[in-house]
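Enquirer: Fold the following, please.
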Amino acid sequence: MDFRGVSHTYGDGKTVVRGVTMRVSAGERLAVVGPSGAGKSTLLRMVNGLVTPTGGEVWVLGQCISAMPEKGRGALRRRIGMVFQEFALVERLSALQNVLIGRLGYVPQLPSLVRVFPVGAVEAARRALAEVGLEGYEERQVRRLSGGQKQRVGIARALVQEPTLILADEPTANLDVRTADEVLEILVDLGRRHGTTLLLNLHDVRAARRFCDRIVGLRDGKVEWDGPASGFGDDDVERLFYN
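Expert: Model (predicted):
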């Protein structure tokens, strides 16, 4: 994944990303950290083509997604899993049905509209739930799950896409510290076992240091720090967030 001089200015004239250039290697676990309004979410949304940069190029899995028509972006998104801060689950549906949403890009449209999926897709969804520790919860309505369990369902939904890349936008912001660590440990372990690249927006610098290989510090839309997670010290945190 490559960001090549990427910038973005919204229609109201506000520039939120300014000349970002960086490369993310296959299999890497990268955390993007920074104060609110630094441009972290916009940067992430460029990767799956939900936002088109107003300057520069974003290359994902060997393709310039920023130059693609929407049809091409849709095909590429099959290989990109997404984990959301607010879970983005259908509360009235079961855990299994929510995970199956991750297979919509692989099944015929008409059967999927009435939630009829091939046996293989259902089996894959059950395996994904088991991998995140929710075996036996397949028929449980999502609204009856805890926050940590909901985020595990979200990870399983991303996993069932068989993605090459997983994006996570503040995936633990609504969780307590212990549950957040459990969720990140699952996500990182799955990424390692499946050889999946992880790009995470995190508000928790402690977690970024613990679970990621590399940290990129973003401030006012610009990269202010880029290096190994172990090297991101308290002085760097002070400069990035408070100066």
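Enquirer: Look up how far Leu89 lies from Gly102.
Expert: Gly102 sits 11 Å away from Leu89, taking C-beta to C-beta, to the nearest Å as the criterion. To be clear about C-beta, it is placed using only N, CA and C from the backbone, and glycine gets the same treatment.
Enquirer: Quick check: neighbours shared by those two?
Expert: Common neighbours of Gly102 and Leu89 (criterion: C-beta atoms under 8 Å, 6 or more residues apart in numbering): Arg157.
Enquirer: higher neighbour count, the two?
Expert: Gly102 (24 against 21; other C-beta atoms under 10 Å).
Enquirer: Please verify my assumption that the more buried one contacts Gln161.
Expert: Yes: at 4.7 Å, Gly102 and Gln161 qualify as touching, with contact defined as C-beta atoms under 8 Å.
Enquirer: Now the common contact residues for these two.
Expert: Contacts common to Gly102 and Gln161, judged by C-beta under 8 Å, 6+ apart, are Gly81.
Enquirer: Ala128 and Ala121, how far apart?
Expert: 11 Å.
Enquirer: These two: which is more packed in?
Expert: Ala128 (26 against 19).
Enquirer: need the contact list for the more buried one.
Expert: Going by C-beta under 8 Å, 6+ apart, Ala128 touches 99, 102, 156-157, 159-160.
Enquirer: Give me the neighbour count for the nearest residue in space to Arg78 that is not next to it in sequence.
Expert: Once flanking residues are discounted, Arg78 sits nearest to Gly105: 4.3 Å by C-beta to C-beta, 6 or more residues apart in numbering. Around Gly105 sit 13 other residues, with neighbours defined as other C-beta under 10 Å.
Enquirer: that older thread, inside helices: which ones of the contacts of Ala128?
Expert: 99, 156-157, 159 (DSSP state H).
Enquirer: could these be laid out in JSON lines, adding pLDDT and neighbour count?
Expert: Output for those, formatted as JSON lines (pLDDT from 0 to 100; neighbours: other C-beta atoms under 10 Å):
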{"residue": "Val99", "pLDDT": "96", "neighbour count": "31"}
{"residue": "Ala156", "pLDDT": "96", "neighbour count": "31"}
{"residue": "Arg157", "pLDDT": "96", "neighbour count": "27"}
{"residue": "Leu159", "pLDDT": "94", "neighbour count": "27"}
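Enquirer: Closest one of the residues you listed to Arg4?
Expert: Within those, the smallest distance to Arg4 is 29.3 Å, found for Leu159 (C-beta to C-beta).
Enquirer: separation between that closest one and Arg127?
Expert: For Leu159, the distance to Arg127 - C-beta to C-beta - is 9 Å.
Enquirer: What ranges in the protein fall below the confidence cut-off?
Expert: Along the chain, the parts satisfying pLDDT under 70 run over 107-116.
Enquirer: roughly how far apart are Gly13 and Leu218?
Expert: Taking C-beta to C-beta, one finds Gly13 at 20 Å from Leu218.
Enquirer: Which of those two has more residues huddled nearby?
Expert: Leu218 (26 against 6).
Enquirer: ok but the more buried one is inside a helix, no?
Expert: No: residue state for Leu218 (DSSP: H, G, I helix; E, B strand; the rest coil) corresponds to strand; a helix is not indicated.
Enquirer: Can you report how many residues lie near the residue lying closest to Val83 once chain neighbours are set aside?
Expert: Using C-beta to C-beta, 6+ apart and skipping residues adjacent in sequence, the residue nearest Val83 is Ala168, 4.0 Å away. Residues lying near Ala168 (other C-beta under 10 Å) number 26.
Enquirer: show me where the protein has strands.
Expert: 2-9, 15-23, 29-33, 55-60, 63-64, 80-83, 165-169, 197-201, 214-219, 222-228 (DSSP state E).
Enquirer: Arg152: which of those strands is closest?
Expert: From those, taking C-beta to C-beta, the stretch that ends up closest is strand 80-83, at 10.0 Å.
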